[in-house]
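1. kindly return the folded structure for what I paste below:
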Amino acid sequence: MLKKEWGLVLAVMILVLGCNMSVFAQEGIQVEQLECQVTELDMLNNMSARTTTFIDNTITIGYDAEGMYVSIVTCMNNVASVVGVKDIKIQVKNGNDWVTVAESTGGEVYNTSSCVVSLNYGGVVEGYTYRVTCVHYGNVDEYRELYHESAGFKCQY
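-> Model (predicted):
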């Protein structure tokens, strides 16, 4: 059963096409605004806890010659009134600092336990190290947020 859900996540990740619009950040660095696709992921866990609990939150990153593909999964312990991801940032390593090169407001779904948010960043450069940061959120019995950042990954395709 779990293979089926991950197969869906990978299929969504491969099919995602992002619409890009560029803006300039205050530091003069060009930050790309990305649109994302949000998909409900039907993974009802039927846990007895009635409180809002995050049970599976993952960031999956893949590269090819056309760009970086990002898939972010948020799973709650029970059916939530809202489940989503916000404040998504794609960052590149610059010395000891991480510089934001693309961002998205994210997306959400309603009355379900899980969702997948997928996007594509076409400006990735082979050989550079990238990471993704975001905030998972949901509301089963109260609204909660969880900050998440991936490890840095060197782009090689």
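2. which of the residues in the longest strand along the chain are classified as buried?
-> Longest strand in the chain, counting residues (DSSP state E): strand 67-94. Neighbour counts over strand 67-94 (16 or more other Cβ atoms under 10 Å) mark 67-78, 80, 82-85, 88-92 as buried. Placement of C-beta: from N, CA and C, glycine included.
3. which neighbouring elements make contact with the helix or strand following it?
-> Note on strand 67-94: by DSSP states H and E, the next helix or strand toward the C-terminus is strand 97-121. Under the contact criterion of 3 or more Cβ pairs under 8 Å, 6 or more residues apart in numbering; DSSP states H and E, strand 97-121 touches helix 2-15, strand 30-34, strand 37-40, strand 67-94, strand 129-139.
4. sheet-wise, list the partners of the third one with their directions.
-> In other words, strand 37-40. When pairing is defined by DSSP bridges, strand 37-40 lines up against strand 97-121 (antiparallel).
5. how far away from the center of its chain is the strand it pairs with?
-> Going by Cα atoms, centre = their mean, to the nearest Å, the spacing between the C-alpha centre of strand 97-121 and its chain's C-alpha centre is 4 Å.
6. report the inter-axis angle for it versus strand 129-139.
-> 70 degrees (axes from the mean of the first three to the mean of the last three Cα atoms, to 10 degrees).
7. now strand 97-121: mean pLDDT?
-> Per-residue confidence for strand 97-121 averages out to 96 on the pLDDT scale.
8. in that strand, what counts as buried?
-> Along strand 97-121, these residues count as buried under the neighbour rule (16+ other Cβ under 10 Å): 98, 101-104, 106-109, 112-121.
9. circling back: can you put the helices and strands packed on strand 97-121 in TSV and add mean pLDDT and distance to residue 149?
-> Formatted as TSV, the helices and strands packed on strand 97-121 follow (pLDDT from 0 to 100; distance: least, Cβ to Cβ, whole Å):
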stretch	mean pLDDT	distance to residue 149
helix 2-15	46	19
strand 30-34	85	17
strand 37-40	76	20
strand 67-94	95	9
strand 129-139	97	4
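10. turn those into TSV, including distance to residue 145.
-> As requested, the helices and strands packed on strand 97-121 are arranged in TSV below (distance: least, Cβ to Cβ, whole Å):
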stretch	distance to residue 145
helix 2-15	22
strand 30-34	20
strand 37-40	17
strand 67-94	8
strand 129-139	5
